[in-house]
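S.K.: Mind folding the following:
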Amino acid sequence: MKTYLGVDGGGTKSEFLLIDESGRVLAQHSAGSAYYLETGIDALRTLLATGIEATLKQGAVNPEYLEFAFLGLPAYGEDSALLNVLDTAPSPALYQARYRCDNDMVCGWAGALGLRDGINIVAGTGSIAYGEYAQRRARGGGWGELFSDEGSAYWLAREGLTLFSRMSDGRAPKGPLYESLRQAFRLRTDLDICAAVYGPPPMTRSALAGLAPVVAQAARSGDTQARALFGAAAQELAAIVHGVHDRLGVAPDHALPVSYSGGMFHFGDLLLEPFRAALRGEGRAYEFTTPQLSPVAGAVLYAARLAGSPLTPGAIGALTRHLHTGRATS
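M.R.: Numbering: from 1, shown residues only. Take a look at the predicted model:
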């Protein structure tokens, strides 16, 4: 039996998945952030080495007999000088001829659309879209939190903090978000939020993104200003999809599949409904579809395709069933 390893590196959490060619799950493993811009290259190497070793050991697979692996890494491809460093990061845990690295956006697309032509938008700690059509590839967004990552958890949290400051100043009426953030930070005075965010030490990217659920809870509690932030996030995410659509050269009347992944979509209709609405019109046709598989499952699908032995529909069905049971089998 051929075996495949998939790694979906994330800004907050990284997932490892080992399967065989029949779609049977052999092992699963979770680890921390693979965002090397925050943790450092050495930490990335350690995370990959320990994660790969733990996953292969759990699945009783020797690296020598692993058919192929695909590793999706955040920020991959965004610094040409570091490509070789990132490409060699999984070595010596894996044989270099038997794996390939790319941006984690590929994992989201491969899992959500099952390797079909179309676009997947990722809205997690950051945001990015990736699509394939007629053997063409394109990405959009994902330029980093300082001047991009629109519609992401980091972006939402930052906008929520902006709204808090306006509420505190009296520039906006106070809604549930105001008290929610005061409680989240245990503030004695509103200005103490500056020290909590800016430090020392300053909040990390992932920690700040972790405030997104506070904004979501306020929106569900009737804060119309907080809810409006989700509408704005939906518009930003749709704009990224439109950009990728146009770069792929898709005919306006061709209904291109669009799916989604990432923690922002766990907020359900707060984001999904305005996102679907934002996709309509604009002179483009889309086929909105729920994700078929998770990003880490997409990584193993991509690994099999890179090896020249794509999983059969039956194997993909078996993989889906195994993952839904929540158990790895050996």
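
S.K.: Arg24 and Leu323 touch, don't they?
M.R.: No - in this structure, Arg24 is not within contact of Leu323 by C-beta atoms under 8 Å, at 10.8 Å. Bear in mind the C-beta positions are built from the backbone N, C-alpha and C, glycine included.

S.K.: doesn't Glu15 fall inside a helix?
M.R.: No - in this structure, Glu15 is strand, not part of a helix, as judged by DSSP: H, G, I helix; E, B strand; the rest coil.

S.K.: If it is in a bridge, with which residues?
M.R.: Beta-bridge partners for Glu15, by DSSP bridges, are Asp8, Ser30.

S.K.: count of neighbours near it?
M.R.: 23 (other C-beta atoms under 10 Å).

S.K.: swap in Arg45?
M.R.: 18.

S.K.: other SSEs contacting the helix or strand hosting it?
M.R.: Assigned by DSSP states H and E, Arg45 belongs to helix 41-58. Under the contact criterion of 3 or more C-beta pairs under 8 Å, 6 or more residues apart in numbering; DSSP states H and E, helix 41-58 touches strand 3-8, strand 14-20, strand 25-31, helix 36-39, strand 68-73.

S.K.: what's in contact with that helix?
M.R.: Outside helix 41-58, the residues that touch it by C-beta atoms under 8 Å, 6 or more residues apart in numbering are 5, 7, 9, 14, 16-18, 26-29, 31-34, 36, 39, 62-63, 66, 69, 71, 73, 82, 85-86, 89-90, 93-94, 328, 330.

S.K.: ok, of those residues, which come out buried?
M.R.: 5, 7, 9, 14, 16-18, 26-29, 31, 33-34, 36, 39, 63, 66, 69, 71, 73, 82, 86, 89-90, 93-94, 328 (16 or more other C-beta atoms under 10 Å).

S.K.: buried set for stretch 131-151?
M.R.: Within stretch 131-151, the residues scored as buried using 16+ other C-beta under 10 Å are 131-133, 138-142, 145, 148-151.

S.K.: Pick the one among the residues you listed closest to Ser259.
M.R.: Gly131 (10.1 Å; C-beta to C-beta).

S.K.: Could you report the neighbour count for the residue nearest to the closest one when sequence neighbours are not counted?
M.R.: Spatial nearest neighbour of Gly131, excluding adjacent residues (C-beta to C-beta, 6 or more residues apart in numbering): Ile119 at 3.5 Å. Ile119: 29 surrounding residues under other C-beta under 10 Å.

S.K.: Alpha carbons only: can I get the helix or strand hosting Ile119 in PDB?
M.R.: Ile119 belongs to strand 118-123 when assigned by DSSP H and E. Coordinates of each C-alpha in strand 118-123 appear next as PDB, following Å, rounded to 0.1, in the frame of the first residue of the first chain:
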ATOM      1  CA  GLY A 118     -12.300  26.700  -8.900                       C
ATOM      2  CA  ILE A 119     -11.400  29.100  -6.100                       C
ATOM      3  CA  ASN A 120     -11.100  28.600  -2.400                       C
ATOM      4  CA  ILE A 121     -10.900  31.600   0.000                       C
ATOM      5  CA  VAL A 122      -9.100  31.100   3.300                       C
ATOM      6  CA  ALA A 123     -10.100  33.300   6.200                       C
END
